[in-house]
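model this:
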Amino acid sequence: MEKRVSRHYAVFCPICGRRSQDDGLTLSCSRDHGPALLRSDYLVKEFAPKADSEGLFRYRDWLPVTRTFPTRARTVVFQSEELSAQLGLPNLWIAFNGYWPERGASIETATFKELEAYAVLGRLPSDPPVLVVASAGNTAAAFAAVCSRYRRPCLLIVPRRGLAKMRFRMPLDPAVKLVVLDGADYSDAIALAESVAALPGFQAEGGVRNIGRRDGLATVLYASVEAMGQMPDHYVQAVGSGAGAIAVHEAATRLLGTGAYGRDLPRLMLCQNAAFAPLADSWKSGTRELATFSADASRAVTQQVFADELTNRFPPYAVHSGVFDVLTESSGDMLTVEQAAAEYERDVFSKVESVDIEPASAVALAGLRNAVLDERIPKEACVLLNITGGGRARLAQDHQLYDAEAALVVDLREESAQSLVPRIAGLFPDRAR
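The predicted model follows:
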């Protein structure tokens, strides 16, 4: 049963400073200036986790929500003696997001995307439009599971490769519709979703622009600081859009504002596939300009990379308060990882901890090892490694899973995206008008 809470925050623009009451849907500032990522400003300024909650709503004072849901979904934080020894990092902490019963990890879609799904739903108005979500797979799975559980109308658009991640402990509710794209990549899904979301009765989930999404992901750092008792010196994560890294940076700023966690921001160490690294390429250029790839070249590469969930062609790099800014403010860096190294680290983690991890998590672990070997991270540093997903195979062992059934399968090599918009909108006849 969901629980209503008072609106305890305002939304503000980091460019012009405009503050406004949130309607649960706003994604950008209404004033005439360049794009920026809106931020949330909470009435409560102290870090005060709620003892009556064990999931992410333990941090509800710093979540932009007007309702909470009963869930155990949260980040589990621990130290691994063997991984610390292998990496030569005695103060290494693991933030594990996924399904791992022995550790108390109960995210049933196996990635930290479930944290953002709960926060986004908690932010929505009481009678929301159809939420439109584009995804490489993990985000769609998280929103499908949570929206299905609470019967919120949701449209999910994923490329064919993402369908493998759409398996659940119960069949999806009819309120959730899945569209699968052949001959397409994640960026194609994003473009099509934006066209559908522009119709009356539909609303773009918004990705990194949604303060609910970022603040839900920020709970990774809150859980970690609560367990560690301090701010990490370095934060390591694999990134596609960089939303999770931006969220952690914003969370760190909020925590430093309490005066209880020192004065230094964690240095962001962000990792991508070596074969497709628009964020890393952009950062190494030394400018705010995003490196570009042709659509055809990108589709060819993203079909072959190890972690396809990291293949966003248009990440929020240049936007105000985006990846360029958080890397600059944190004195951070971008790392790239070869497939063989990521495969090796996936097997290492499985052997050491007896649980599987997602490809993106293996990329992060490989990036961390490279950074230690290159002496970019000092041996004595307090390091937080975000395992953004894990336990998918373990979940399939423990529970019967149901494959999601697509409401519509289309091939973008045969049909134009524009011609598909009315067909997709027609999946929600009571909303399309």
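
Look up how far residue 337 lies from residue 301.
For residue 301, the distance to residue 337 equals 15 Å [CB to CB, to the nearest Å]. C-beta coordinates here come from the backbone N, C-alpha and C atoms, glycine included.

ok, those two, which is more surrounded?
Between residue 301 and residue 337, counted using other CB atoms under 10 Å, the more crowded position is residue 337 (28 against 17).

From residue 277, how far off is that one?
Counting by CB to CB - residue 337 and residue 277 are separated by 9 Å.

Residue 268 now?
15 Å.

In terms of neighbours, single out the busier of these two.
Neighbour comparison, residue 268 and residue 277: the larger count goes to residue 268, with 26 against 22 (by other CB under 10 Å).

pretty sure residue 105 contacts residue 99?
Yes - between residue 105 and residue 99 there is a contact under CB atoms under 8 Å: 6.0 Å.

out of the two, which sits in the more crowded spot?
residue 99 (26 against 23).

Report the beta-bridge partner residues of that one.
With DSSP bridges as the criterion, residue 99 is bridged to residue 106.

Which residues are in contact with the residue lying closest to residue 321 once chain neighbours are set aside?
Excluding its sequence neighbours, the residue lying closest to residue 321 (CB to CB, 6 or more residues apart in numbering) is residue 37, at 4.3 Å. Neighbour list for residue 37: 14, 208-209, 214, 246, 316, 319-322 [criterion: CB atoms under 8 Å, 6 or more residues apart in numbering].

ok, now residue 180?
By CB under 8 Å, 6+ apart, the residues touching residue 180 are 158-160, 162-163, 406, 408-410.

got a markdown table for these, with neighbour count, pLDDT and distance to residue 362 too?
Output for these, formatted as a markdown table (neighbours: other CB atoms under 10 Å; pLDDT from 0 to 100; distance: CB to CB, whole Å):
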| residue | neighbour count | pLDDT | distance to residue 362 |
| --- | --- | --- | --- |
| 158 | 30 | 95 | 21 |
| 159 | 26 | 92 | 21 |
| 160 | 17 | 92 | 22 |
| 162 | 27 | 89 | 18 |
| 163 | 19 | 91 | 21 |
| 406 | 17 | 95 | 28 |
| 408 | 16 | 96 | 33 |
| 409 | 12 | 95 | 30 |
| 410 | 21 | 92 | 32 |
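
From these, which land in strands?
Among those, the subset assigned to strands under DSSP state E consists of 158-159, 408-410.

which one among these gets closest to residue 80?
residue 158 (32.7 Å; CB to CB).

Would you check that the closest one makes contact with residue 137?
Yes - using CB under 8 Å, residue 158 is in contact with residue 137, at 5.9 Å.

overlap in contacts of these two?
residue 166.

Next SSE downstream of the helix or strand residue 386 falls within?
Taking DSSP states H and E as the criterion, residue 386 maps to strand 383-387. Per DSSP H and E, the first helix or strand lying C-terminal to strand 383-387 is helix 392-398.

Pull out the buried positions in stretch 123-131.
By 16 or more other CB atoms under 10 Å, the buried positions in stretch 123-131 come out as 123-124, 128-131.

Can you show me the helices along the chain?
Secondary structure of the chain (DSSP state H): helices located at 81-87, 113-123, 138-149, 186-197, 211-217, 219-228, 243-256, 278-284, 295-302, 323-329, 339-353, 359-373, 392-398, 417-425.

Looking at these, which is nearest to residue 33?
Across these, closest to residue 33 is helix 323-329 (CB to CB), at 15.4 Å.

Tell me the gap between stretch 174-192 and the middle of its chain.
Mean C-alpha position of stretch 174-192 versus that of the full chain (CA atoms, centre = their mean, to the nearest Å) differs by 17 Å.

Straight-line length of that stretch, end to end?
21 Å (CA to CA, to the nearest Å).

for stretch 258-275, same thing?
One end of stretch 258-275 to the other measures 41 Å (CA to CA).

switch to numbering from 16
Noted, 16 is the first residue going forward, which turns the last one into stretch 273-290.

Quick check: mean pLDDT of it?
Taken as a whole, stretch 273-290 carries a mean pLDDT of 97.

list the buried ones in it?
Those would be 276, 280-290, for stretch 273-290 by 16+ other CB under 10 Å.

what's the answer for stretch 350-368, then?
Buried-residue list, stretch 350-368, by 16+ other CB under 10 Å: 350-352, 354, 356-357, 360-361, 363-364, 368.

Mean confidence (pLDDT) on it, please.
98.

ok, now stretch 158-168?
96.

what's that stretch in contact with?
17, 84, 123-124, 128-129, 132-133, 135-136, 139, 143-146, 148, 150, 169, 171, 181, 183, 185, 187-188, 190-191, 193, 220, 419, 443, 446.

centre of the chain versus that stretch, how much separation?
That offset, for stretch 158-168, works out to 17 Å (CA atoms, centre = their mean).

Pull it out as PDB, backbone CA atoms only.
Extracted as PDB, the C-alpha positions of stretch 158-168 are listed here (Å, rounded to 0.1, in the frame of the first residue of the first chain):
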ATOM      1  CA  PHE A 158       9.900   0.600 -14.700                       C
ATOM      2  CA  ALA A 159       7.900  -2.400 -16.000                       C
ATOM      3  CA  ALA A 160       8.200  -4.200 -12.700                       C
ATOM      4  CA  VAL A 161       7.300  -1.200 -10.500                       C
ATOM      5  CA  CYS A 162       4.600   0.300 -12.800                       C
ATOM      6  CA  SER A 163       3.000  -3.200 -13.100                       C
ATOM      7  CA  ARG A 164       3.000  -3.700  -9.400                       C
ATOM      8  CA  TYR A 165       1.200  -0.400  -8.800                       C
ATOM      9  CA  ARG A 166      -0.800  -0.400 -12.100                       C
ATOM     10  CA  ARG A 167       0.600   2.900 -13.400                       C
ATOM     11  CA  PRO A 168       0.300   3.400 -17.200                       C
END
